[in-house]
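Visitor: need coordinates for the following:
(2 chains)
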Amino acid sequence: MEVILKYNKEHFEAEKLSISEVLEIKKYSFKMLITKVNGNFISRENYANTYIYNGDNVSIIHLISGG
Amino acid sequence: MTFSEIKQILSNKTVGIAGCGGLGSNSAVALARVGVGKLIIADFDIIVESNLNRQYYFYNQIGQKKCIALKENINKINPLCNVEAHDLILDESNIPKLFNCCDVVIEAFDKAEMKQMIAEVFIKNFNNKYLIMGSGLAGWGDFEKIKINKTDNIFICGDNINEASDNLPPLAPRVGIVSNMQANLTLDILLNTYGSNTKI
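Guide: Residues are numbered from 1 along each chain as shown, chains lettered A, B, ... in the order given. Alright, predicted model coming up:
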């Protein structure tokens, strides 16, 4: 499937993936994340049971300390 | 736009500043200088000597509450700027009420957990209000890596790489750059020129 991930087109072999699987495949290891699928906020406890499909727009923002 | 026209528009605007450390104190001072009418600032912390490497405070203010000292400093720069100072720990229950009347809110926390918390509060409560965050400002150099990313109503200023640590402390120059980027973007939104090619 093809999705938009963090503004860029991304190809995955699978036809659907959970957010948890995307984070693992992309090796996103930051602890603090804001995730949206097609503009809808996905809370951390739903990462394992929220799936993305072909054409979805996924934004994953990470936040780091310092201020 | 002339500066008096700019001041005229800004005098009716309110900006929230969540945290009065490096990002909050510097962005608040920049916005007060250009004439924002009201600032709602909040922080629970007191000033310690190590804060002076980047935060807009003075040596004789060590030991004072940051929100009170910042209000005092802004009053000395622009007494026309109305500063509402709140000495409290911001959380998901008080943020919606405190910043409800703000045109724009600047996130100026230190810890990533707090940054995440306020971003979630905005996604849930304030879908139409802009939140301007700072993330990735520690260390020095690498000026060209500092950028702005936007997702819906949330902007993130910083390099999103350099996390603050003992060996990579946040320091005045980079914190100053990011906090002033936040203030600059706020100005663009308040003057309704964000995204337009001409600022005249």
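Visitor: low-confidence regions, chain A specifically.
Guide: Low-confidence regions of chain A, defined by pLDDT under 70, are absent; no residue qualifies.
Visitor: I'd like the distance between residue B:34 and chain A.
Guide: With the distance defined as C-beta to the nearest C-beta, to the nearest Å, residue B:34 ends up 22 Å from chain A. Yep, even glycine has a C-beta here, placed from its N, CA and C like the rest.
Visitor: next one: that residue from residue B:78, what distance?
Guide: Distance check for residue B:34 against residue B:78: by C-beta to C-beta, to the nearest Å, it reads 9 Å.
Visitor: now swap in residue B:84 and tell me
Guide: The gap separating residue B:84 from residue B:78 is 15 Å, by C-beta to C-beta.
Visitor: what's the answer for residue B:103, then?
Guide: The span separating residue B:103 from residue B:78 equals 18 Å under the rule C-beta to C-beta.
Visitor: contact partners for residue B:101?
Guide: Contact analysis of residue B:101 by C-beta atoms under 8 Å, 6 or more residues apart in numbering or on different chains lists B:14, B:40.
Visitor: I'd like to know how many residues surround the residue in chain B positioned nearest to chain A.
Guide: Nearest to chain A in chain B, going by C-beta to the nearest C-beta, is residue B:164, at a distance of 3.3 Å. Neighbourhood size, residue B:164 [other C-beta atoms under 10 Å in any protein chain shown]: 22.
Visitor: hang on, residue A:42 packs against residue A:19?
Guide: Yes: the pair residue A:42 and residue A:19 qualifies as a contact (C-beta atoms under 8 Å) at a distance of 6.0 Å.
Visitor: joint contacts of the two?
Guide: Jointly contacting residue A:42 and residue A:19 under the rule C-beta under 8 Å, 6+ apart are A:35, A:50.
Visitor: quick one, which of these two is more surrounded?
Guide: residue A:19 (21 against 18).
Visitor: name the nearest residue to that one, sequence neighbours excluded.
Guide: Here the nearest residue to residue A:19 in space, its sequence neighbours aside, is residue A:47; by C-beta to C-beta, 6 or more residues apart in numbering or on different chains that works out to 4.1 Å.
Visitor: great, nothing more from me.
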